[in-house]
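Asker: sequence unknown, structure follows:
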């Protein structure tokens, strides 16, 4: 992978790292020779299995359980991981929640929870990691969403929270320059939902210029590219197979 030699031996923190996209990022990071700390919430069995897989392969991985709905936990994770590894070089804000919230069925609690997990927690993690990131010339990568640019129905609070995360990415890139680079990745159809039928998947793929659904590995590779790229900051890269090109 291009630039992966720059990541060898570096410490990366990944929130929401036990399953799905987060686990793909964790695996890609250890394959690049990084030392990995990841946060998980309720996915205890998946976290334990991922750690066992890492140990079997001779990789360095450390897991921490916490709930991003608790305002204190993002900073606590960063502090604990820095104490464990001696600092942090890359922070990946991957943890997030999404759910359908059709107009007329939205409650204030939906807004609060989505913003707390998807935006506030990410900011608190960056804030806590900043001293170490500045000292090491590190990087932040936020997992945004291509749906912000081509929104779908019934997810307004979720998409608004991801839009805020994209704006925060650009704002922090200016605030933390020149010592720390801050970028984002905006996945499109990176993981086909388990509930989708083959017909629904085929319909979705037909609208993608590259004519295939993305994979978690596609997104993980973009994350590591941005973590290693020394002259890129303040961008949110769509990993969507070209959907953002459609008029």
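Answerer: Great, that's in hand. Here the structure is a predicted model, which means the values were calculated and not measured.

Asker: buried stuff in the worst-scoring helix or strand of the chain on mean pLDDT?
Answerer: Every helix and strand in the chain was compared by mean pLDDT, DSSP states H and E; the lowest is helix 198-206, with a mean of 89. For helix 198-206, a neighbour-count test (16 or more other C-beta atoms under 10 Å) marks residue 204 as buried. In this view, the C-beta of every residue, glycine as well, is placed from N, C-alpha and C.

Asker: just checking, next helix/strand downstream of the helix or strand residue 25 falls within?
Answerer: Following DSSP states H and E, the helix or strand that holds residue 25 is helix 20-31. Once helix 20-31 ends, the next helix or strand along the chain (criterion: DSSP H and E) is strand 35-40.

Asker: mind listing the helices for this structure?
Answerer: With helices called from DSSP state H, the chain shows them at 20-31, 44-56, 73-85, 108-115, 121-136, 156-176, 198-206, 216-228.

Asker: can I get those helices in JSON lines with distance to residue 144?
Answerer: JSON lines is the format used below for the helices of the chain (distance: least, C-beta to C-beta, whole Å):
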{"stretch": "helix 20-31", "distance to residue 144": "12"}
{"stretch": "helix 44-56", "distance to residue 144": "23"}
{"stretch": "helix 73-85", "distance to residue 144": "17"}
{"stretch": "helix 108-115", "distance to residue 144": "14"}
{"stretch": "helix 121-136", "distance to residue 144": "10"}
{"stretch": "helix 156-176", "distance to residue 144": "5"}
{"stretch": "helix 198-206", "distance to residue 144": "19"}
{"stretch": "helix 216-228", "distance to residue 144": "11"}
